[in-house]
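# sequence first, predicted model second:
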Amino acid sequence: MDELFSAENLKWRDKAREIAETVVRPLAAKYDRLQEYPWEIRDALKEAGLFGVWIPKEYGGHGGGVLDLCLVVEELSKACGGVGVLFAVNALGSFPILLAGTEEQKKHYLPQIARGEKLIAFGLSERPAGSDASGLVTNARQEENGDWVINGQKKWTTNGGAADIYSIFAVTDETSRSRRISAIIVEKGDEGFEIGRKEDKMGIRCVPVAELHFDECRVPGNRLLGGKPGLGFKHAMMTLDRARPGVAAQALGLATGALELATVYATERRQFGQPISGFQMIQQMLADMATSVEAGRQLVYASARACDADVPSLSKMAAMSKLFCTDMAMKVTTDAVQVFGGYGYMKDYPIEKYMRDAKITQIYEGTNQVQRLVIARNLIKEAGRLDNLSAFIPLPDHDNTIADQDRAAQTAGA
Ligand SMILES: Cc1cc2nc3c(=O)[nH]c(=O)nc-3n(C[C@H](O)[C@H](O)[C@H](O)COP(=O)(O)OP(=O)(O)OC[C@H]3O[C@@H](n4cnc5c(N)ncnc54)[C@H](O)[C@@H]3O)c2cc1C
């Protein structure tokens, strides 16, 4: 399938693949156990220039987009799902600046991120506001000198503590319904900004997920994203649309990695005098796993291309790829553990980590229930385009069903 990619796409994918195999895979179990940020892996990604793949050339990146991001995330996640998100979260954090920042903000922040010198995080969720992100309560008021003063707490910020820059969403106008929220850029070391509790997680353990605490946190006026208040929720949704293919790519990488391990194991593990790969029930599992992985792969690339082309259906496509690939990864990684039998359940073997890492992909950046809502809303909105079909669909509460028409025709003696 390499023919479907540009030389540039393949260059970044291959660099990521090399780092995944030579640096990430040998260290994956260690950092999963330690639950510490793997700075040596960050250094390898930085050295290879990978943090610039989704950032335009004019802001110090390589001029790729969501497709290059997904190719890199997929490769890294094949070796470690935690490293996949450790990388992808920098796209999630920087998309608000890329999509809506002022020229000054883009020129200041994006080159540092593209070079991998500064890491970034995305702070939307709060204790009372998860799926209902618009219900967030962290607030920011503007002082007479233009400074913004933030108060509140963010829950579960991936990269919290490791990141230097934070895209933070806060209420700036409690009286407005549609323009209640704004995004503000906060930096490590800003007065009144502290990292709170660091979570102890089931999976993706090498990347920190932490609370963020703002207590009269003061930042200069030019940190308001885009320079205009009230557009934060819109910018958060635009960001999630473009970041979801990255979560799908993380899930795809995890599923692919688990399938590869399960296939190799099946050819080596012998029972009843033969490799277990000789048993048809194992073959069926491997064949089903491979088929759903391949279907997911096509959705990831199609949704990434939809984002890069900025097509109107990108929101629906992104939600579909996130939904399908993350459910698929949960099933494939669980089946991979099954192929390993009892050994698969043990931490001495690499496969159970894939199952643990896969679970979060069904939850963050919008749960899969929320993805279904996004897809259904878009379908219903698009139904207007199918108006021509109405003429062929009799409505049950009208006397124009096909049966009614037949009866009427018979009564009339036709
Ligand atoms: C490890 C981890 C990392 C995270 N990283 C980040 C991050 O970097 N930045 C950030 O901002 N957030 C982050 N989050 C937060 C994440 O996005 C939220 O956990 C997620 O959106 C769900 O919110 P919730 O946990 O409050 O669940 P809830 O919203 O309370 O949902 C609970 C259940 O109810 C269902 N549900 C809710 N509403 C509906 C509905 N309308 N219809 C049907 N079902 C519904 C959900 O699908 C879910 O099954 C992270 C979370 C975790 C666990």
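Everything's here; your move. Please read all numbers here as calculations on a predicted model, not as lab measurements. Numbers count the residues shown, from 1 in each chain.
# Gly64 is in contact with Gly49, correct?
No. At 11.0 Å, Gly49 does not count as touching Gly64 under the criterion of C-beta atoms under 8 Å. Quick note: C-beta positions are derived from backbone N, CA and C, even for glycine.
# for His235, what are its contacts?
96, 99-100, 183, 225-226 (C-beta atoms under 8 Å, 6 or more residues apart in numbering).
# switch to 10 Å and redo it
His235 makes contact with 95-97, 99-101, 167, 169, 181-183, 225-226, according to C-beta atoms under 10 Å, 6 or more residues apart in numbering.
# closest to the ligand out of these?
Of all the contacts of His235, the ligand sits closest to Phe169, with 7.8 Å by C-beta to the nearest ligand atom.
# would the closest one count as being in a strand?
Yes. Assigned with DSSP: H, G, I helix; E, B strand; the rest coil, Phe169 falls within a strand.
# near the ligand, which residues of this protein?
Applying C-beta under 6 Å from any ligand atom, we find that the chain lies next to the ligand at 122-125, 130-131, 156-158, 201, 209, 360, 363-367, 369-370.
# now with 5 Å, please.
122, 124-125, 130-131, 156-158, 209, 360, 364, 367, 369 (C-beta under 5 Å from any ligand atom).
# in the protein, which residue sits closest to the ligand?
Taking C-beta to the nearest ligand atom, the chain has Gly130 as its residue nearest the ligand, at 1.8 Å.
# so which residues of the chain form helices?
Along the chain, the stretches classed as helices by DSSP state H are 7-19, 25-34, 39-47, 66-79, 81-100, 103-114, 232-268, 280-308, 314-340, 351-359, 368-382, 402-411.
# any shared contact partners between Gly49 and Gly64?
Both Gly49 and Gly64 are contacted by 11-12, under the criterion C-beta under 10 Å, 6+ apart.
# compare neighbour counts for these two and give me the winner.
Set Gly49 next to Gly64 and count neighbours by other C-beta atoms under 10 Å: Gly64 wins out with 22 against 16.
# against Cys325, how distant is the closest residue to that one other than its chain neighbours?
The shortest distance from Gly64 to any non-neighbouring residue, by C-beta to C-beta, 6 or more residues apart in numbering, is to Val53 (4.6 Å). Separation of Val53 from Cys325 (C-beta to C-beta, to the nearest Å) stands at 20 Å.
# compare these two (neighbour count), which wins?
Neighbours per residue (other C-beta under 10 Å) separate Val53 from Cys325, with Cys325 holding more: 34 against 30.
# that one touches Arg297, doesn't it?
Yes. Counting by C-beta atoms under 10 Å, Arg297 is a contact partner of Cys325 at 8.4 Å.
# give me the common contacts of these two.
Here Cys325 and Arg297 share the contacting residues 74, 248-249, 252-253, 255, scored by C-beta under 10 Å, 6+ apart.
# which parts of the protein belong to which domain?
2-119, 121-229, 234-384 (automatic domain parsing).
# what about the last one, distance to the chain center?
When C-alpha coordinates are averaged (C-alpha atoms, centre = their mean, to the nearest Å), domain 234-384 and its chain have centres 12 Å apart.
# ends of it, what's the gap?
End-to-end distance of domain 234-384 (C-alpha to C-alpha, to the nearest Å): 24 Å.
# and if you look at stretch 135-145?
By C-alpha to C-alpha, the extent of stretch 135-145 from end to end equals 29 Å.
# off-centre distance for it?
Relative to its chain's centre, stretch 135-145 lies at 28 Å (C-alpha atoms, centre = their mean).
# buried sites along that stretch?
Buried residues in stretch 135-145, counted by 16 or more other C-beta atoms under 10 Å: 136, 138-140.
# can you list those in a markdown table and add pLDDT?
Shown next, in a markdown table, are the buried residues of stretch 135-145 (pLDDT from 0 to 100):
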| residue | pLDDT |
| --- | --- |
| Leu136 | 98 |
| Thr138 | 98 |
| Asn139 | 98 |
| Ala140 | 98 |
